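>>> Output the structure for:
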Amino acid sequence: MILQLIVCLLAQESLVFGQNGGYLRIMNGTVARDMQFPYQVGLLCYYEDSLNRPNLCGGTIISKSWILTAAHCLQEPSSELHHVTVYVGSVEVQESEPFVVNKNATIVHKQFNRKIVANDIGLIKLPKDLKFNARIQPARLANPKESYIGKMAIISGWGVTSKQEASSVLQYIRAPIITNKECEKQWNKQLKGKRRKLVLDSFICIDSRAGLPCRGDSGGPLVLDDGSKTLVGIVSHGYDDKCQVTLPDVLTRVSSFLGWIKEQTGGLE
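Residues are numbered from 1 along each chain as shown. All right, here's what the predicted structure looks like:
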C-alpha cells in the first residue's frame, strides 16, 4: 500500500522554487545494500488540503529522538502540515518501522526563505526514542571548521529514478563537493542573465554530472564517503523540476546550523 502511494505521488508534477529550483530525486543511482545507510529515513508529509497525496521526502537520524530534514518538506505556502509519517530501519520503505508525528512536533527554521531557498532546514521530534541497532544509527554532524571541498560524498533517497519510475528500494549516488564559487558560476552561466543565482555561505554544492537527486529526495542526507557517517548537507534544490540539466545541486550546509540545532533540540544525546 505504501509503495503504491509513493508511485502515485511521484507521478504528479513537482513543485518549483523561485530560482528555477526543483524539489529533488536520485537519478542514475545505485541500489543500496541492507544496513548501508542506517541514518536514512523516509518521510511522507501530509497537508490539510491533500491528505491523500502526501509529499515524499528524506531525512537523517541525528539522535534517538530527532530527525533532520529540509524546511520545505514541513512547510507549504498554501496549506498547513497535518502530520508526518517517518519510516526507519530498512532500505525498503514498505518494510520500515513507521512513526506518526503531529505538526506540533516539527520545527521549521523561522528564517526559511522559499524564494532563494535560504535556511532550508527543519527538525522532527519522534514520539518515542529509537532503539539503535545495525539498521538504525545516527549520523555525525559536520565539523564547522571544515569546508569539505573536493571530498567525495553520498546522497541517498527513494525518489524517482532515471527511468522516471518510483524506486521501492533506497538508491544512492557518489559525487564530489565543489566550491560555492564554482557552483554559482555554473548556475549563472546556465541562467544567461535572465536572473541571478546567489549561492550563500550556508549552501553546499555537489558536482551532479554523474548523477543527481531530485523530486522525492529533498531533506535527505549528504554524508562523507569515508565511512564516518558525517552529515555535511541536506538535499535542498536543483535547477529544473525534471532533473535533466546537470548543474550542481544545492544543499543546506549542516555546519552552518549547528547552533540552531542545539538550541532547538536542547542538545543531542
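
>>> Distance check, the nearest residue to A32 once chain neighbours are set aside against F37.
In this structure, A32 finds its nearest non-sequential neighbour in L170, 4.0 Å apart by Cβ to Cβ, 6 or more residues apart in numbering. (Glycine included, C-beta is placed from N, CA and C.) Computed as Cβ to Cβ, to the nearest Å, the L170 to F37 distance reads 7 Å.

>>> for R53, same thing?
Distance from R53 to F37, by Cβ to Cβ: 27 Å.

>>> If you count surrounding residues, which of the two has more?
F37 (23 against 12; other Cβ atoms under 10 Å).

>>> What helix or strand is the more buried one located in?
According to DSSP states H and E, F37 maps onto no helix or strand at all.

>>> do the same with the one 5 residues further on
Of the helices and strands defined by DSSP H and E, G42 is found in strand 40-47.

>>> hmm, who's touching that strand?
2, 5-6, 54-61, 67, 69, 73-74, 76, 79-88, 93, 96, 124, 156-158, 170, 219-221 (Cβ atoms under 8 Å, 6 or more residues apart in numbering).

>>> As a check, name the ranges of all helices in the stretch 151-269 of the chain.
Secondary structure of the stretch 151-269 of the chain, counting by DSSP state H, counting those that start in this stretch: helices at 180-191, 258-265.

>>> Tell me which of the ones you listed lies nearest to E146.
Closest to E146 of these, according to Cβ to Cβ: helix 258-265, at 12.0 Å.

>>> and the closest one, what does it pack onto?
strand 122-125 (3 or more Cβ pairs under 8 Å, 6 or more residues apart in numbering; DSSP states H and E).

>>> which ones are touching Q264?
Here Q264 is in contact with I107, L123 (criterion: Cβ under 8 Å, 6+ apart).

>>> With T252 instead?
A70, N119, D120, I121, S202, F203, I204, G233, I234, S236.

>>> measure it to N113 for me?
On the measure of Cβ to Cβ, T252 and N113 end up 12 Å apart.

>>> go on, E146?
26 Å.

>>> again with G42
For G42 relative to N113 (Cβ to Cβ), the value is 26 Å.

>>> Give me the more crowded residue out of the two.
Set side by side, G42 and N113 show more neighbours around G42, with 27 against 13, by other Cβ under 10 Å.

>>> Tell me who's in contact with the closest residue to the more buried one other than its chain neighbours.
Nearest residue to G42, sequence neighbours excluded (Cβ to Cβ, 6+ apart): Y87, at 4.1 Å. By Cβ under 8 Å, 6+ apart, the residues touching Y87 are I2, V41, G42, L43, L44, V93, S96, E97, P98, F99.

>>> mind putting these in CSV, distance to L141 included?
CSV is the format used below for the contacts of Y87 (distance: Cβ to Cβ, whole Å):
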residue, distance to L141
I2, 29
V41, 16
G42, 21
L43, 19
L44, 25
V93, 25
S96, 23
E97, 23
P98, 25
F99, 21
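
>>> Which of the residues you listed has the largest number of neighbours?
V41 (29 neighbours).

>>> contacting residues around the spatially most central residue of the chain?
Nearest residue to the geometric centre of the chain (Cα atoms, centre = their mean): G219, 2.0 Å. The neighbours of G219, taking Cβ under 8 Å, 6+ apart as the test, are L43, C57, G58, G59, T69, A70, H72, C73, G122, I234, V235.

>>> Next: L231.
So L231 contacts Y39, T60, I62, L68, A139, R140, L141, A142, P221, L222, V223, V254 (Cβ under 8 Å, 6+ apart).

>>> top of these by neighbour count?
Of the contacts of L231, with other Cβ under 10 Å as the count, P221 tops at 32 neighbours.
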